[in-house]
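Chemist: Pasting the sequence and the predicted model now:
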Amino acid sequence: MADNPGARTPRGDDHGSGGADGELRRALAAALVPQIDELTRRVVADIHAHSGTYASGAPVSRDDLWEICRDNLLRALEDFGGLPSSGGHFEYAARETGRRRAEQNVPLDTVLQAYRRGGRVMWQVMAEHLRAARAGRAGGTGRGQDPVGMVAGDRDTELDMAGAVWETIDRYSLVMAESYRLTQLEMQGRQDTRRVALFEALLDGRGDDPAVAAAASAALGVPVHDRYVVVVAAQDPAAPPNPAPVLDDHGIWSFWRPRSGRYAGIVRLAAGESGVLLDLLRHRTGATAGLSPEFDRLAQAGRALRLAEQALRTLPAGSGEAAAFDDRLAEVLLVGRPEIAERIVTTQLGAVLDTAAERDALLGTLRVWLDNGCSAARAAELLYCHRNTVLNRIGRIAELTGRSAESGEARLGWALALRALPLRGADGEPAPAEDYLG
């Protein structure tokens, strides 16, 4: 903040320009400035008497309160009376108060109340001077020579002075509040920057350093030890850019940041919330997302990120599907080795794929049959066909592939081939890695 010594804040009422009111203001201010320490003592005592926050001495010590009150009172008196500034810009003390109290996390309402208490005491002291001056002048005690007594008027004048005092206090209160809010914004910006840096440190695997994990815990506001998952969501055009609002609405804490063209987030879970999280991601966000296994230490976030990314790579881009790593283990293995995935498809189901007329029916039946414990009856119910139709199709697959439907090895090969199929390109060739990285 740049100070301009002697600079005066523009005032709409131009109360320092002269006339009886201006003379009285100058006289009152000139009378109180030499008594600034006593005035400060009264204000500090009054604030302590009416505020438990200030009276506690923490975070605002008595010396801190004394210093800031003295500066504010002195600047307010000089400004009120049109006197030359004794120490820089008239608004400096108010701005410094706002900055300091924001950094100390003193509630703004508490600081504004202190300003009102200070204004009340300042006016009480001024009123005492006015009454003493009028009494001295009326009694012929020589008080008429007092500069205040020489210009003190009637009750209406006293009311005018009271109004002028509160105009001054209100103006300085507004300046203080503006400085307070600006400081809060600056502090929030610094906190956000630190929070993001520590979150990135966790994802980069630096949480193994206990100091980094502890600092990240404090910055994010979550425990070092708890139940967490990392989620990596593709930035799908049709999905919200950040799933946090949806999770917030359901009481689930999360923190997200864009990272390498995706959104990476750490989610804190209560018992039984893994299924809820998957459901929200699938049905409320529209994001294509991979979830890591649960972990119990922030230090494990880097490893969890890698697993979440691997789960995401198994999902078609833009599918809006969310999948947990533990539910996609076979796909994770296959997507990491596309040449092996292609070979599995060719050796296990190549002959079925070559039968264009039968292919869709055979593959669809095989998938349902395998997913339901190789039960022809259950598959028939789901496919709305006769049980014998299912048996005939499975027999046809066995015939084409030269494998027995009763063989566990054959069933495993078919299941892996079905999982590898989405990783192939449209022309039947292995898909480039970027086509199925989510």
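Modeler: Here it is on my side, so go on. Model, not experiment: these values are computed from the prediction. Numbers count the residues shown, from 1 in each chain.
Chemist: Figure out the helix or strand that P258 lives in.
Modeler: Per DSSP states H and E, P258 falls inside strand 254-259.
Chemist: Quick one: name whatever helix or strand follows that strand.
Modeler: strand 262-268.
Chemist: now the helix or strand following that next one, how far from the centre of its chain.
Modeler: Note on strand 262-268: by DSSP H and E, the next helix or strand toward the C-terminus is helix 274-280. Chain-centre distance of helix 274-280: 22 Å, with Cα atoms, centre = their mean, to the nearest Å.
Chemist: sorry, back to before: adjacent strands (with direction) for the strand holding P258?
Modeler: Partners of strand 254-259 in the sheet, by DSSP bridges, are strand 262-268 (antiparallel).
Chemist: for the record, mean pLDDT for the strand it pairs with?
Modeler: On average, the pLDDT along strand 262-268 is 93.
Chemist: In the strand holding P258, which residues are buried?
Modeler: Of the residues in strand 254-259, S254, F255, W256 count as buried by neighbour count, 16 or more other Cβ atoms under 10 Å. Every residue, glycine included, has its C-beta placed from N, CA and C.
Chemist: can you redo the residues you listed as CSV with distance to W66 and pLDDT?
Modeler: Listed next are the buried residues of strand 254-259 as CSV, based on distance: Cβ to Cβ, whole Å; pLDDT from 0 to 100:
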residue, distance to W66, pLDDT
S254, 45, 95
F255, 42, 95
W256, 46, 94
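Chemist: Distance to A299 added to the residues you listed, as CSV?
Modeler: Shown next, in CSV, are the buried residues of strand 254-259 (distance: Cβ to Cβ, whole Å):
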residue, distance to A299
S254, 18
F255, 16
W256, 20
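Chemist: any idea which of those is the one closest to S85?
Modeler: Ranked by distance to S85 (Cβ to Cβ), the buried residues of strand 254-259 are led by F255 at 47.5 Å.
Chemist: Wait, that closest one touches F199, no?
Modeler: Yes - contact between F255 and F199 holds when scored by Cβ atoms under 8 Å: they sit 6.1 Å apart.
Chemist: so what's in contact with these two at the same time?
Modeler: Taking Cβ atoms under 8 Å, 6 or more residues apart in numbering as the contact rule, F255 and F199 both touch L220, I266.
Chemist: surely R100 meets L65?
Modeler: No - the criterion here is Cβ under 8 Å, and R100 misses it with L65 at 10.5 Å.
Chemist: Which parts of the stretch 51-200 of the chain are helices?
Modeler: 52-55, 62-81, 92-103, 108-139, 147-151, 155-203 (DSSP state H, counting those that start in this stretch).
Chemist: do the stretch 251-400 of the chain as well
Modeler: For the stretch 251-400 of the chain, applying DSSP H, counting those that start in this stretch gives helices covering 274-280, 301-313, 329-336, 338-353, 359-371, 376-383, 387-401.
Chemist: how many degrees apart are the strand holding P258 and helix 155-203 in direction?
Modeler: 70 degrees (axes from the mean of the first three to the mean of the last three Cα atoms, to 10 degrees).
Chemist: Can you give me the neighbour number for G207?
Modeler: Using other Cβ atoms under 10 Å, G207 is surrounded by 24 other residues.
Chemist: do the same with G272
Modeler: By other Cβ under 10 Å, 7 other residues sit near G272.
Chemist: what's the pLDDT at it?
Modeler: The model reports G272 with a pLDDT of 72.
Chemist: Could you check how far it is from F255?
Modeler: Distance of G272 to F255, computed by Cβ to Cβ, to the nearest Å: 21 Å.
Chemist: Run me through the strand neighbours of the longest strand along the chain, direction for each.
Modeler: The longest strand of the chain (DSSP state E) is strand 225-234. Sheet pairing of strand 225-234 (DSSP bridges) gives strand 262-268 (antiparallel), strand 289-291 (antiparallel), strand 295-297 (antiparallel).
Chemist: that older thread, let me have the helices of the stretch 51-200 of the chain in JSON lines, extended by distance to A324.
Modeler: As requested, the helices of the stretch 51-200 of the chain are arranged in JSON lines below (distance: least, Cβ to Cβ, whole Å):
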{"stretch": "helix 52-55", "distance to A324": "48"}
{"stretch": "helix 62-81", "distance to A324": "53"}
{"stretch": "helix 92-103", "distance to A324": "43"}
{"stretch": "helix 108-139", "distance to A324": "45"}
{"stretch": "helix 147-151", "distance to A324": "80"}
{"stretch": "helix 155-203", "distance to A324": "18"}
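Chemist: Determine which of those shows the lowest mean per-residue pLDDT.
Modeler: In terms of average pLDDT, helix 147-151 trails the rest of the helices of the stretch 51-200 of the chain, at a mean of 53.
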